[in-house]
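Colleague: Fold the following for me, if possible:
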Amino acid sequence: MAAAGRALSALPLAAVPRPPLAASVRANSNRASVSHLRRQLYGRLYPVLLVKTDGSTVRLRYGEPKRILMLPLDSSTLPEAERKARLRRQFPSKPKTGTEETFEGIDLDTYKKFWKK
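Modeller: Residues are numbered from 1 along each chain as shown. Next comes the predicted model:
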């Protein structure tokens, strides 16, 4: 066993095959300036402003780079009128479709100068 270890240590390092050194085209700092990095876990904590439901704010360190985090509001604690107003703002009614305009009331002679001959 010891003889085999001495035989391996006698090999020069150049005899061990190594993969060629090649820089990755996509793994440089310019990639982050063009598009955002899609990471599951960021390597540091970022300063974030947390807005509580009563309006008070707290500065904390968060794992993703965001500016503001807002805690969700509990709608069961709101008065009935304010709760309905918030629901109306959150889910607006569908816009009503207007009547379709026809070309019967338009004088085509006024636009004759724009036609190609």
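Colleague: Surely Arg89 is in a helix?
Modeller: Yes - applying DSSP: H, G, I helix; E, B strand; the rest coil, one finds Arg89 inside a helix.
Colleague: and it, how many neighbours does it have?
Modeller: 8 (other CB atoms under 10 Å). (Glycine included, C-beta is placed from N, CA and C.)
Colleague: and what of Ser93?
Modeller: The number of residues packed near Ser93 is 6, by other CB under 10 Å.
Colleague: any idea how far Leu87 is from it?
Modeller: Ser93 sits at a distance of 11 Å from Leu87 (criterion: CB to CB, to the nearest Å).
Colleague: Low-confidence regions, the protein specifically.
Modeller: 1-37, 41-42, 117 (pLDDT under 70).
Colleague: how about the strands in the chain?
Modeller: With DSSP state E as the criterion, the chain has strands at 46-51, 57-62, 68-70.
Colleague: that older thread, quick check: neighbours shared by Ser93 and Leu87?
Modeller: By CB atoms under 8 Å, 6 or more residues apart in numbering, Ser93 and Leu87 have no common neighbours.
Colleague: Can you give me the distance of Ser56 to Gln40?
Modeller: 31 Å.
Colleague: Pick out whichever of the two has more residues nearby.
Modeller: Taking neighbours as other CB under 10 Å, Ser56 and Gln40 compare with Ser56 leading, 8 against 4.
Colleague: Now do the helices in the protein.
Modeller: 2-9, 30-34, 80-90 (DSSP state H).
Colleague: give the contact list for Leu60.
Modeller: Leu60 neighbours (CB under 8 Å, 6+ apart): Pro47, Val48, Leu50.
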